[in-house]
Structure formats: C-alpha cells, structure tokens
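Engineer: What would the 3D arrangement of this be:
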Amino acid sequence: FDQRATTQEAKLQVKLAQLEYQLPRLTRMWTHLERQAGGMTKGMGEKQIEVDKRIIRKKMGKLRKELETVREKRLLYRERRVKQQIPVIALVGYSNAGKSTLLNTLSNAGVSAKDNLFETLDPVTRKICLPHGQEVLITDTVGFVQRLPPQLVA
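Structural biologist: Sure, this is the predicted structure:
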C-alpha cells in the first residue's frame, strides 16, 4: 500500500495505519530494558515502552489532524462541483475489475491500470465530453474486495 499511495490523503492514511498496527505490538519489544531514571527525582521513571507509546500516540494525533484538513479540502472541491451542476459518473466494482482501464479508455487519463489488487488507492476524477456534447465527470473509485485474506492486510 505504501508504494502505491500517491495523494497526500493516501500517504497519511498509510502512515496512520502503520502506527495503529505498530502500537499494540510494542509490548514485547522492550522487555529487556529497565525503567529510565527520572532526572533529579529519586525513584523510578517511565519505561521505554511508555515513552515510545506516547510518541506514537502523538504522531497518530498529528496525522489525524492532517487527514481532517485534507478531507475538508476535498469537501470544498465536492461542493464546488455540485454548484457547477456537472453530472458525476462513478465507476464502482471489485478490485482489479477494470475500472481504471475503462477510465483510461474514456478519458485518456493515464491512470495506472496494472493487474494488481488495490492498484488504485485514490479516487481519480476526469472531465469528459459525451458524444452529444454534454460534459460529465467520471470517477475511478477504489475497488472493494470480498473475503479478503487476513494475511494480505497484516
């Protein structure tokens, strides 16, 4: 997923997913370390795992805020398209079903259409002119999968 994420939103989503995956798995990584000294105070400080979890949670919070900003911008674009009253056609279907190939055929979009699951990680919208002259927006959506093998996601 990381290699095919091209938009800012997709890159942020991948980073967030990686951190969410990593957070509960930190538990057994630092069992060999003792508590860190707490500076000038006497007594035990926090464990390295607690420091790492705090850092990861902070990064996750920052990524969520950035994602929200990107989503707000996307909402503005969507509202602008609605105001222009241009019809929208969405290509939907299972992953690897040919949606990107169809978009390329209709619009010369140049979207990657390789024979890979989840080749399209970001929706792509292009304006095309129909034979009778009407302009429409056509969107290549992210495919959905039925019975996804768990090891593919993990």
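Engineer: Sketch out the low-pLDDT regions of this protein for me.
Structural biologist: Low-confidence segments of the chain, defined by pLDDT under 70: 1-4, 27-46, 116-121, 143-154.
Engineer: And the helices in it?
Structural biologist: Counting by DSSP state H, the chain has helices at residues 8-22, 48-84, 99-107, 150-153.
Engineer: Among these, show me which one is buried the most.
Structural biologist: helix 99-107 (a mean of 18; mean count of other CB atoms under 10 Å). Quick note: C-beta positions are derived from backbone N, CA and C, even for glycine.
Engineer: what's that helix packed up against?
Structural biologist: If you count contacts as 3 or more CB pairs under 8 Å, 6 or more residues apart in numbering; DSSP states H and E, helix 99-107 packs onto strand 88-91, strand 124-129, strand 135-140.
Engineer: Save those as CSV, and put in distance to residue 99 and mean neighbour count too.
Structural biologist: As requested, the helices and strands packed on helix 99-107 are exported to CSV (distance: least, CB to CB, whole Å; neighbours: other CB atoms under 10 Å):
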stretch, distance to residue 99, mean neighbour count
strand 88-91, 4, 14
strand 124-129, 10, 16
strand 135-140, 5, 17
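Engineer: nearest to residue 8, of those strands?
Structural biologist: Nearest to residue 8 among the helices and strands packed on helix 99-107 is strand 124-129; the distance by CB to CB comes to 14.3 Å.
Engineer: Pretty sure residue 124 sits against residue 106.
Structural biologist: No. Contact between residue 124 and residue 106 fails when scored by CB atoms under 8 Å: they sit 11.9 Å apart.
Engineer: residues near residue 115, how many?
Structural biologist: Neighbour count of residue 115, defined by other CB atoms under 10 Å: 8.
Engineer: The residue nearest to it when sequence neighbours are not counted - how many residues pack around it?
Structural biologist: Among residues not flanking residue 115 along the chain, residue 96 sits closest, at 6.7 Å (CB to CB, 6 or more residues apart in numbering). When neighbours are counted by other CB under 10 Å, residue 96 registers 17.
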